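# I need the structure of the sequence given here:
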Amino acid sequence: MAYSLNVNGRSHSVDVDGDTPLLWVLRDVLGLTGTKFGCGVAQCGACTVHLEGLAVRSCVTTVESAGSAPIMTIEAVGATPVGNLVQRAWLDQEVVQCGYCQSGQIMSATALLNEHPAPTDDDIDAVMSGNICRCGTYPRIRAAIKQVAAGTRTFGNGG
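Residues are numbered from 1 along each chain as shown. Below is the predicted model:
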């Protein structure tokens, strides 16, 4: 069946079954491979995308349930004001080690900061606990989120 998806501000027509996970449509049909497959059961967060601005796990979100709602992936989040700041903070704090989980981490952190520009440690824990980092970069992830909330940079060329 044909579905019309609004992904990263562009309309895409895809011919897939309605129960196809959004993850596979993004990666295999649209070629947006920044969204990663981790566990397939919404436990690791590697596949996190924004659906109408909310962080969702694309491995368990069907194309049919996404409907015509705007979908944003890691490929476009850096063009948003908060997403750009999050990506810069990730570099400033040297968050990335292997990098596999980072697109999902960035998508969750951006959704958090869009909703709560000054999150508490409890807010950060509640939102980010759904994203697993096998390298254990959690302290740097927290520091990057706090950096964005504080509006500061730790190094680089400023602002």
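# ok, now which ones touch the residue nearest in space to the middle of the chain?
The centre of the chain sits closest to residue 107, judged by C-alpha atoms, centre = their mean, with a distance of 1.9 Å. Shown in contact with residue 107 (C-beta atoms under 8 Å, 6 or more residues apart in numbering): 48-50, 55, 72-74, 77. Any C-beta I mention is one placed from the backbone N, CA and C, and that applies to glycine too.
# go again using 7 Å as the cut-off
Under the criterion of C-beta atoms under 7 Å, 6 or more residues apart in numbering, the neighbours of residue 107 are 48-50, 55, 74, 77.
# What of residue 104?
Contacts of residue 104 (C-beta under 7 Å, 6+ apart): 36, 45-48, 131.
# Same check on residue 52?
Residue 52 touches 69-70, counting by C-beta under 7 Å, 6+ apart.
# for residue 8, same thing?
72-73, 75-76 are the contacts of residue 8 under C-beta under 7 Å, 6+ apart.
# Which of the residues you listed fall within strands?
Taking DSSP state E, the ones among those that sit in strands are residue 72.
# JSON lines please, covering the contacts of residue 8 and showing neighbour count and pLDDT.
Shown next, in JSON lines, are these (neighbours: other C-beta atoms under 10 Å; pLDDT from 0 to 100):
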{"residue": "72", "neighbour count": "22", "pLDDT": "98"}
{"residue": "73", "neighbour count": "23", "pLDDT": "98"}
{"residue": "75", "neighbour count": "17", "pLDDT": "98"}
{"residue": "76", "neighbour count": "18", "pLDDT": "98"}
